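>>> no sequence on this one, just coordinates:
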């Protein structure tokens with residue numbers, strides 16, 4: 001579970017829960033990501049409102065509904081999610097966009113700040129798994145804290 005928001009006001013942030021299911025090759029490997037806006041399905045390469053916050057559930061929490069518009073990711077088909085893949089079409093499209101932006105100086109679809117934020121979340125999950133403690137991120141020092149101390153691995 002990830003809590004995003006200021007440490008001194010937990011009511012103004014939000015939570016993200018990560019779950020994983022391991023399986024064998026029966027039924028193929030698939031990856032789905034959910035938010036309160038919907039689903040990212042890497043098997044189909046589509047974003048949909050599936051699982052998003054509908055009016056009835058939103059009203060119960062004094063929130064507004066939040067449903068993403070359906071769209072298809074760049075590339076043909078879904079992402080390859082096996083361990084040894086070579087290059088899949090979505091990765092190729094991502095790298096193509098990045099190289100185009102190096103030449104044109106335009107903003108890429110995924111700026112470096114997005115990669116940095118993903119890295120922080122990954123390091124925090126690793127720290128929590130290794131220490132068994134609540135982990136936070138110190139915005140001022142840009143350090144991952146586990147049990148009130150700087151996490152070191």
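Yep, it's here. Computed from a predicted model, the values in this text were never measured in an experiment.

>>> the helix or strand bottoming out on mean pLDDT in the chain: partners in the sheet, and parallel or antiparallel?
Counting by mean pLDDT, DSSP states H and E, the chain has its least confident helix or strand at strand 14-16, which shows a mean of 72. Using DSSP bridges, the strands paired with strand 14-16 are strand 2-4 (antiparallel).

>>> so which bits of the strand it pairs with are buried?
Buried residues in strand 2-4, counting neighbours by 16 or more other Cβ atoms under 10 Å, are found at residue 2. Yep, even glycine has a C-beta here, placed from its N, CA and C like the rest.

>>> packing partners of the helix or strand following the least confident helix or strand of the chain?
Moving toward the C-terminus from strand 14-16, the next helix or strand (DSSP states H and E) is strand 32-35. Contact analysis of strand 32-35 by 3 or more Cβ pairs under 8 Å, 6 or more residues apart in numbering; DSSP states H and E lists strand 38-41 as its packing neighbours.

>>> what average pLDDT does the very next helix or strand once past the strand it packs on get?
Next helix or strand after strand 38-41 toward the C-terminus (DSSP H and E): strand 46-48. What strand 46-48 shows for mean pLDDT is 92.

>>> and the next helix or strand past strand 46-48?
Moving toward the C-terminus from strand 46-48, the next helix or strand (DSSP H and E) is helix 55-60.

>>> quick revisit: hmm, who's touching the least confident helix or strand of the chain?
1-5, 35 (Cβ atoms under 8 Å, 6 or more residues apart in numbering).
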